[in-house]
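A.B. asks: Could you work out the structure for the sequence below:
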Amino acid sequence: MERKSTAVAGPVLEVKNLSVSFRMYDRGLEQYDLKVISNLNLDVRPGEIVAVAGSSGSGKSLLAHAVMGLLPENASVEGEISYGGKLLEQKDMERLRGKEFALVPQSVTFLDPSMKVGPQVTGPRPSRERRQRQREVFDRFHLAEAVDRLYPFQLSGGMARRVLVSTAVLSGASLILADEPTPGMDLEMALEALQCFRELADEGRAVVLITHDIDLAFQVADRVAVFYAGTTVETAPSGDFLRGPEALRHPYSKALWNALPQNGFQPVPGFQPYAKALPKGCLYAPRCPWRTEECGGEIPMRELRGGMVRCIHAT
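C.D. replies: You can find the predicted model right below:
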């Protein structure tokens, strides 16, 4: 059943034409800039979950790190990242993260190895109410009371991910960026974690859910943004992905749907291009059955059938 979004206000987070490059060194120590994200667009509103789908290397995690201001020193950023309509600078991101922004990182190494789990979730000197809330969240994720006193190395991978999700649930942040929060969890726990994000959105939070478990994400998300080779190729209501490829707009979105296990694991010839050797125009054109000569030109995002698509042939 298609969800009807409760989001009505302006975007909490709006990303416009985001490009991220890294200063790299070639043979002979020659420097060059490797652009790994280009012209990426995304927005999420209060009360909404936007799931971000795409293959590895498509820029999903880099988007989260750019929003949080966690890119390394050799990165350069172009484009706009706005929070509540205000354009953000690096100092704003540093001020907001951990308060207005919460990240569920992809790697469990983000947990401090020298600190027990309990204080990492509740923070130093927590109130009685916060400790009680933490216990309720841990109970929900089947984390025993003894887990509070364990160090991260004593946790299984699935337990560590549940701890990270618990931290975001308790954060009180207006914007939650969940980067692959469910790997290592069994199906029951993965669904429970996604339901937690759904409840946070229903309370008015904005959630960006980056995931490879897109068939599960379709069940809780309001919209789905599809990334390919560092850019957004389609944004559509999640119901379109539940209906099937005929409801989708971009040929890559259709291919992604057909590649899901329940849809036959149908492969597409070719590979996602390396950032140093991107084709001109449409980045998907070398693999696309619709490609024409016009695909070598500039391909902007455009509105189509209640969504957005970066394809001149989509109808």
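A.B. asks: Now for Pro183: which residues touch it?
C.D. replies: Gly157, Arg161, His212, Asp213 (C-beta atoms under 8 Å, 6 or more residues apart in numbering). Glycine gets a C-beta too; all of them are placed from N, C-alpha and C.
A.B. asks: again, only this time at 10 Å
C.D. replies: Applying C-beta atoms under 10 Å, 6 or more residues apart in numbering, we find Pro183 in contact with Gln106, Val108, Gly157, Gly158, Arg161, Ala190, Thr211, His212, Asp213.
A.B. asks: looking at this protein, which helix or strand does the model trust least?
C.D. replies: Using mean pLDDT, DSSP states H and E, the weakest-scoring helix or strand in the chain turns out to be helix 214-217, at a mean of 88.
A.B. asks: mind listing what's buried in the helix or strand following it?
C.D. replies: Where DSSP states H and E defines the elements, the next helix or strand beyond helix 214-217 is strand 223-228. Judged by neighbour count (16 or more other C-beta atoms under 10 Å), strand 223-228 contains these buried residues: Arg223, Val224, Ala225, Val226, Phe227, Tyr228.
A.B. asks: Stretch 250-265 now?
C.D. replies: Applying 16+ other C-beta under 10 Å to stretch 250-265 flags His250, Pro251, Tyr252, Ser253, Lys254, Ala255, Leu256, Trp257 as buried.
A.B. asks: Show me the strands in the chain, by range?
C.D. replies: 13-25, 31-44, 48-53, 75-83, 86-87, 101-104, 175-179, 206-210, 223-228, 231-237, 302-304, 307-309 (DSSP state E).
A.B. asks: What's the end-to-end length of stretch 85-104?
C.D. replies: 23 Å (C-alpha to C-alpha, to the nearest Å).
A.B. asks: just to revisit the earlier point, nearest to Pro237, of the buried residues of strand 223-228?
C.D. replies: Within the buried residues of strand 223-228, the smallest distance to Pro237 is 5.7 Å, found for Arg223 (C-beta to C-beta).
A.B. asks: and the nearest residue to the closest one once chain neighbours are set aside, what does it touch?
C.D. replies: Excluding the flanking residues, the one nearest Arg223 by C-beta to C-beta, 6 or more residues apart in numbering is Val50, at 5.0 Å. Applying C-beta under 10 Å, 6+ apart to Val50 gives the contacts 5, 7, 11, 13, 42-44, 201, 206-210, 217, 221-225, 235, 238.
A.B. asks: again, but for Ser82
C.D. replies: Contacts of Ser82 (C-beta under 10 Å, 6+ apart): Gly10, Pro11, Val12, Leu13, Glu14, Val15, Lys16, Asp43, Leu88.
A.B. asks: so what's it bridging to?
C.D. replies: Glu14, Leu87 (DSSP bridges).
A.B. asks: distance of it from Phe227?
C.D. replies: According to C-beta to C-beta, to the nearest Å, Ser82 stands 19 Å off from Phe227.
A.B. asks: Leu256 versus Phe218, what's the distance?
C.D. replies: Separation of Phe218 from Leu256 (C-beta to C-beta) stands at 12 Å.
A.B. asks: Same question for Gln195.
C.D. replies: Distance, Gln195 to Leu256, by C-beta to C-beta: 24 Å.
A.B. asks: what about Asn74, how many neighbours?
C.D. replies: Neighbourhood size, Asn74 [other C-beta atoms under 10 Å]: 13.
A.B. asks: meant to ask about Glu294
C.D. replies: Glu294 has 12 nearby residues by other C-beta under 10 Å.
A.B. asks: ditto for the one 4 residues further on
C.D. replies: Glu298 sits with 9 neighbouring residues when counted by other C-beta under 10 Å.
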